[in-house]
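Asks: heads up, no residue letters with this:
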């Protein structure tokens, strides 16, 4: 399994192909408990991986494999009891496989006029008054075993179960 990861390159410009490829590799990784355990241990032991991990009150993000030069990074997210999400987009298109638990996944549509919002706005500190708002357009219940791909421009919210 780990040899496959070391040879893998993901081209996100072909979203259909990237979705099939990442779904296959994540599903195989989830079934390979030994490889998954190895990756989790490596994330704790290797400084370059450990430094990419994030601990927040709401969510822990463990970077277990990093190959951005080949188009992908594998992270394990662990929700806490305090997890509260809000509508957001992402820097990268990604595929997510639910390993345990479940969550309600809401995909939104952005409506209004985007005037006056700087292109480089990154977070709440850059927030400005706007006529923009998001409205729910698609809701799914994601359960263990579900896999989906989300384009980086799509706005979504997840309502997770704790831990």
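Replies: Thanks, I have it. As the structure is a computational prediction, the values presented were derived from the model and not from experiment.

Asks: helices along the chain, start to end?
Replies: Assigned by DSSP state H, the chain shows helices spanning 2-7, 15-31, 33-45, 47-50.

Asks: okay, those helices in TSV with mean neighbour count next?
Replies: Where C-beta positions appear, they are placed from N, C-alpha and C, glycine not excepted. Listed next are the helices of the chain as TSV, based on neighbours: other CB atoms under 10 Å:
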stretch	mean neighbour count
helix 2-7	12
helix 15-31	15
helix 33-45	14
helix 47-50	12
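
Asks: between these, which one is closest to residue 90.
Replies: When those are compared by CB to CB, helix 15-31 sits nearest residue 90, at 13.9 Å.

Asks: quick one: that closest one to helix 33-45, angle?
Replies: With axes from the mean of the first three to the mean of the last three CA atoms, to 10 degrees defining the directions, helix 15-31 sits at 90 degrees from helix 33-45.

Asks: show the average pLDDT along helix 15-31.
Replies: For helix 15-31, the mean pLDDT works out to 96.

Asks: CSV please, covering the helices of the chain and showing distance to residue 95.
Replies: Shown next, in CSV, are those (distance: least, CB to CB, whole Å):
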stretch, distance to residue 95
helix 2-7, 14
helix 15-31, 4
helix 33-45, 16
helix 47-50, 20
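
Asks: relative to residue 101, which of the ones you listed is closest?
Replies: Among the helices of the chain, the nearest to residue 101 by CB to CB is helix 15-31 (13.5 Å).

Asks: ok, residues contacting that closest one?
Replies: The contact list for helix 15-31 (CB atoms under 8 Å, 6 or more residues apart in numbering) reads 1, 4-5, 8, 10-12, 35-36, 39, 71-72, 74, 93, 95, 97, 99, 147, 149, 151.

Asks: show me which of those residues are buried.
Replies: In the contacts of helix 15-31, burial by neighbour count holds for 5, 8, 10, 12, 35-36, 39, 71-72, 74, 93, 95, 97, 147, 149, counting by 16 or more other CB atoms under 10 Å.

Asks: ok, those vs residue 137, which is closest?
Replies: For those, the minimum distance to residue 137 (CB to CB) is 17.1 Å, reached by residue 149.
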